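> Fold the following.
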Amino acid sequence: MVVAGALFALLALVAAIVTDLHDRDFPQAIGAQSRVGLDFGDSQFGDREAFETLTRMDADWKLGLVRIAPDQAGDGDERVFVAVTDGSLPATFSWFNDAGAGKVVGRGRLAHSSPDGSYLVTGDNARLGEFESRLSNAGVRVTRTDASVTDSIKFAMREGGFGLAVLAAFALIAALALFWLSMKARSRALRVLGGCPTLRIQAQDLGGFAGALFLPAAAVTLAAAAYVGVFHGRLYVGIFVKTLAGLEVGVIAVSLLVAIAMSASAWPSATMLATRQPAVKSLRTAAVGIQALTFLLVVAAAGPAWSAYRSSSAMAAEMAQWKNLADQVAVQFGMGDEEMTGLEPQIGNLVKDAESTGALAYSYTFSDDLWGGDLGDYSAVTFVNQRWLDLMTTDAPPNVLTPVPYDRVKAMVTREFGATFTLLSRSQGPGAEILSGFDYRRPVDGFRLPVGEGGGGGSLQFLDDVLVAVVPSLQQTFDDHNLTSMVSTRNLLFTGVAATQTLLERNGLSAGALSERGMKGELTVVYVAEEGILRAQFMAYVVWLMNLALAALVVAFTVAAAISALITAVLHAKRDFPLRLSGRSWARILRSRVARQLLAGAPLVALVAVFGRPDAPGALLVAALFGVFVVPLSHLVAANWCFAGVSRRRI
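Residues are numbered from 1 along each chain as shown. Model prediction:
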């Protein structure tokens with residue numbers, strides 16, 4: 001019951017994390033009931049018209065729409081919630097995890113954001129279906145998700161860390177079932193000898209096992225619910241209890257099925273008493289099977305857990321880089337191709353103006369897999385300006401980029417990009433001559449440089465084997481047509497909303513100037529780091545829980561190995577006792593049984609290595625060495641215990 005209580009405490013931790021994820025998706029403090037994802041890319045709305053439509057529908061139907069956006073003004077990775085219509089929502093609210101206060105800000109925060117994104121419904125959702133239908137008919141791609149604890153659990157279980165934690169619970173509960181049956185083995189045989197029907201024996205033992213699980217489950221649930229109510233608020237108790245109860249019922253149900261299977265494989269019989277055989281002998285096969293299964297799970301989970309830990313470090317670095325882009329904006333074109341072509345000279349002047357003040361960052365990457373050429377020793381070639389490097393190396397150690405002599409890469413870059421730069425250049429000069437004027441560098445070992453994907457809409461890649469070509473002047477290198485294209489694909493980023501708006505006005509690209517020229521379209525300034533920051537926030541829980549689940553699997557394997565060793569020691573007690581009395585060492589006595597288990601474990605490790613192809617073979621080796629340590633130790637402790645028991649006539 002103590003071990004089961006620890007197991008359900010692990011499930012309570014999983015339930016708390018699921019509750020936190022549910023609260024992050026649907027903040028309970030502001031009454032979020034549904035979330036809708038809106039994509040206006042193929043709709044008939046421009047950005048300004050899209051926001052006006054959302055505001056009107058929100059006000060008429062009292063939906064209480066709030067847009068999810070990153071808190072770019074803060075230093076953390078939190079979000080803000082932008083009310084589409086000013087209503088009764090509080091300016092701040094609390095989270096389940098007490099990680100600071102949530103912020104609800106006015107609609108002015110959306111002035112320089114795209115209407116695409118996720119919106120929470122915090123008001124009346126009776127007409128949400130009509131809202132969804134009307135936008136869909138206008139060409140808006142709408143994705144609706146209603147708040148559901150079951151869906152939150154399913155979502156969490158699809159992530160490796162959460163699923164592994166529940167799998168660890170199953171493995172540990174199976175080891176407990178084995179322990180329970182081993183303790184009941186002798187009494188089962190005695191009850192058969194006394195004439196008790198075997199089905200009644202099975203029901204009694206399984207009922208006792210279920211009771212030994214339900215009691216700590218109930219105790220942990222009550223204690224955890226009280227803790228949540230006191231330290232997190234009664235608002236979250238219902239969600240937490242539903243999540244924990246669902247996990248507990250699932251684990252107990254599976255554990256009972258496992259116990260039934262093992263109990264059937266060790267059917268109660270008086271034969272063992274008649275033949276003077278230890279009653280636990282019938283459980284030996286099940287013990288070996290569970291030990292092998294838990295060891296397989298440990299070695300299989302070690303690599304992913306370590307890879308996830310390393311991934312968390314990379315994700316933290318990515319988060320830091322996205323924060324460096326928090327004040328960077330892109331100019332978004334809300335117009336047709338004909339009007340866009342007519343603005344190319346002004347876009348060229350805009351780029352020149354921004355570049356002269358150091359407010360323009362540029363990165364365009366040609367990756368090996370998409371380019372289809374031969375980039376030699378590099379997986380990609382990225383063309384950047386110094387402003388991009390300044391942004392991306394702000395928090396990096398000095399000299400993270402090392403110079404590359406042009407003669408070393410001349411043949412490759414002229415062969416692969418000479419013709420391309422002939423077409424892109426403003427002077428229409430030879431591409432090879434233009435490429436010779438660039439400064440070439442590469443990241444030092446251990447540093448991954450964030451670079452912008454070519455035409456990738458503001459996406460970042462983190463590369464350590466990339467050739468970096470620093471372009472001295474964008475406006476002098478590329479013609480207006482290609483500069484306009486780079487602006488539209490967000491490979492050219494500007495610094496600051498207000499400063500970029502001033503640049504647009506100065507170069508005749510403001511909304512008023514375009515309207516005076518008879519243009520129906522408009523240029524809007526939008527943040528580029530919003531989605532990147534939001535995408536980089538989820539890994540912490542998954543990584544942390546994967547390592548916790550690995551620890552639970554280690555415990556399950558240790559328990560299974562100890563029970564298997566105990567059963568083996570009981571079966572060999574008549575042999576081991578006289579050998580030990582005669583002065584033979586435990587190493588010689590246990591050598592054969594330990595060797596058999598270690599030899600049996602080697603194919604399991606090889607199986608994981610061949611079919612799992614772990615990214616971290618070192619972690620797999622450590623897990624295997626742990627098995628090499630636990631198996632002999634379990635046999636030594638069990639044999640010593642049996643020797644002491646025989647000496648005292650207790651076995």
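> so where is the stretch 51-200 of the chain shaky, pLDDT-wise?
For the stretch 51-200 of the chain, the stretches flagged by pLDDT under 70 are 70-78, 99-100, 158-166.
> swap the cut-off to 90 and go again
Within the stretch 51-200 of the chain, the set of residues satisfying pLDDT under 90 comprises 51-53, 55, 59-62, 67-118, 123-129, 134, 136-200.
> which residues in it form helices?
In chain order, the stretch 51-200 of the chain shows helices spanning 128-137, 149-158, 160-193, 198-231, with DSSP state H, counting those that start in this stretch as the criterion.
> Of those helices, which is nearest residue 525?
For these, proximity to residue 525 was assessed by Cβ to Cβ; helix 128-137 is nearest, at 24.3 Å. Placement of C-beta: from N, CA and C, glycine included.
> roughly how far is the strand or helix carrying residue 646 from the heart of the chain?
In this assignment (DSSP states H and E), residue 646 forms part of helix 617-647. Between the mean C-alpha location of helix 617-647 and the chain-wide mean there is a distance of 34 Å, by Cα atoms, centre = their mean, to the nearest Å.
> That helix packs against which elements?
Using 3 or more Cβ pairs under 8 Å, 6 or more residues apart in numbering; DSSP states H and E as the contact definition, the elements that helix 617-647 packs against are helix 284-324, helix 539-571, helix 573-581, helix 586-607.
> To residue 22, which of those helices lies closest?
With Cβ to Cβ, the closest approach to residue 22 among these belongs to helix 539-571: 12.2 Å.
> Strands of the stretch 251-400 of the chain, start to end?
In order along the chain, the stretch 251-400 of the chain carries the following strands (DSSP state E, counting those that start in this stretch): 328-334, 360-367, 380-384.
> Kindly export the first one (C-alpha atoms) in PDB.
Extracted C-alpha coordinates of strand 328-334, given in PDB (Å, rounded to 0.1, in the frame of the first residue of the first chain):
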ATOM      1  CA  GLN A 328      11.300  42.700 -35.100                       C
ATOM      2  CA  VAL A 329       8.400  43.300 -37.500                       C
ATOM      3  CA  ALA A 330       7.500  42.400 -41.000                       C
ATOM      4  CA  VAL A 331       5.700  44.400 -43.700                       C
ATOM      5  CA  GLN A 332       2.700  42.400 -44.800                       C
ATOM      6  CA  PHE A 333       1.200  43.000 -48.200                       C
ATOM      7  CA  GLY A 334      -2.600  43.100 -48.300                       C
END
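> ok, and what's touching that strand?
When contacts are defined by Cβ atoms under 8 Å, 6 or more residues apart in numbering, strand 328-334 is touched by residues 46-48, 112, 114, 340, 350, 361, 391, 458, 487-488, 490, 492-497, 500, 504, 521-529.
> how about the helices of the stretch 51-200 of the chain, which one is nearest residue 303?
For residue 303, the closest of the helices of the stretch 51-200 of the chain is helix 160-193, at 11.3 Å, according to Cβ to Cβ.
> Just want the angle from that closest one to helix 198-231.
Counting by axes from the mean of the first three to the mean of the last three Cα atoms, to 10 degrees, helix 160-193 points 140 degrees away from the direction of helix 198-231.
> between helix 160-193 and helix 149-158, how many degrees?
Orientation check (the same axes, to 10 degrees): helix 160-193 against helix 149-158 gives 100 degrees.
> I'd like to know which elements helix 160-193 is packed against.
Secondary elements touching helix 160-193 (3+ Cβ pairs under 8 Å, 6+ apart): helix 2-25, helix 149-158, helix 198-231, helix 237-265, helix 271-274, helix 284-324, helix 539-571.
> Identify each buried residue in the third one, please.
The reference is to helix 198-231. With burial defined by 16 or more other Cβ atoms under 10 Å, the residues of helix 198-231 counted as buried are 201-202, 205-206, 209, 213, 216-217, 220-221, 224-225, 228.
> Now do the contacts for residue 353.
With Cβ under 8 Å, 6+ apart, residue 353 has these contacts: 503, 506, 507.
> where's the first one, which helix or strand?
Element membership of residue 503 [criterion: DSSP H and E] is helix 497-506.
> What lies in contact with that helix?
Applying Cβ under 8 Å, 6+ apart, the set of residues contacting helix 497-506 from outside is 112, 329, 331, 350, 353-354, 359, 494, 510, 513, 523, 525, 527.
> Would you mind putting the CA coordinates of that helix into PDB?
Taking Å, rounded to 0.1, in the frame of the first residue of the first chain, the C-alpha atoms of helix 497-506 are listed here in PDB:
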ATOM      1  CA  VAL A 497       6.600  49.100 -35.000                       C
ATOM      2  CA  ALA A 498       6.600  52.900 -34.600                       C
ATOM      3  CA  ALA A 499      10.000  53.200 -36.500                       C
ATOM      4  CA  THR A 500       8.700  51.000 -39.300                       C
ATOM      5  CA  GLN A 501       5.500  53.000 -39.600                       C
ATOM      6  CA  THR A 502       7.600  56.100 -39.900                       C
ATOM      7  CA  LEU A 503       9.600  54.500 -42.600                       C
ATOM      8  CA  LEU A 504       6.400  53.600 -44.500                       C
ATOM      9  CA  GLU A 505       5.100  57.100 -44.300                       C
ATOM     10  CA  ARG A 506       8.500  58.600 -45.300                       C
END
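> how far out from the middle of the chain is the next helix or strand after that helix?
Along the chain past helix 497-506, the next helix or strand (assigned with DSSP H and E) turns out to be helix 511-516. The chain centroid and the centroid of helix 511-516 are separated by 45 Å under Cα atoms, centre = their mean.
> any chance of the strands of the stretch 251-400 of the chain in CSV, plus distance to residue 644 and mean neighbour count?
Supplementary listing: those in CSV, determined by distance: least, Cβ to Cβ, whole Å; neighbours: other Cβ atoms under 10 Å:
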stretch, distance to residue 644, mean neighbour count
strand 328-334, 71, 21
strand 360-367, 66, 24
strand 380-384, 66, 25
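> Confidence-wise, which of the helices and strands packed on helix 160-193 is weakest overall?
By mean pLDDT, the lowest-scoring of those turns out to be helix 271-274, with a mean of 67.
> Which phi and psi values does residue 127 adopt?
Torsion angles at residue 127 (phi, psi; degrees, to the nearest 10) stand at phi -110, psi 20.
> pLDDT weak spots in the stretch 351-500 of the chain?
If you take pLDDT under 90 as the line, the stretch 351-500 of the chain has these spans: 367-377, 391-399, 420, 423-432, 445-450, 452-464, 488-491, 496-499.
> can you give me the helices for it?
With DSSP H, counting those that start in this stretch as the criterion, the stretch 351-500 of the chain has helices spanning 368-371, 386-392, 406-424, 431-435, 474-477, 480-488, 497-506.
> Of all the ones you listed, which one is nearest residue 39?
Scanning these with Cβ to Cβ as the criterion, the closest one proves to be helix 480-488, at 17.6 Å.
> what's the angle between that closest one and helix 406-424?
Angle between the axes of helix 480-488 and helix 406-424 is 100 degrees (criterion: the same axes, to 10 degrees).
> helices and strands around helix 480-488, which ones?
Judged by 3+ Cβ pairs under 8 Å, 6+ apart, helix 480-488 is in contact with strand 328-334, helix 337-342, helix 344-356.
> Distance to residue 10 added to the ones you listed, as CSV?
Supplementary listing: these in CSV, determined by distance: least, Cβ to Cβ, whole Å:
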stretch, distance to residue 10
strand 328-334, 42
helix 337-342, 57
helix 344-356, 54
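> wait, which of those is closest to residue 555?
For the helices and strands packed on helix 480-488, distance to residue 555 was read as Cβ to Cβ. The smallest value, 47.4 Å, belongs to strand 328-334.
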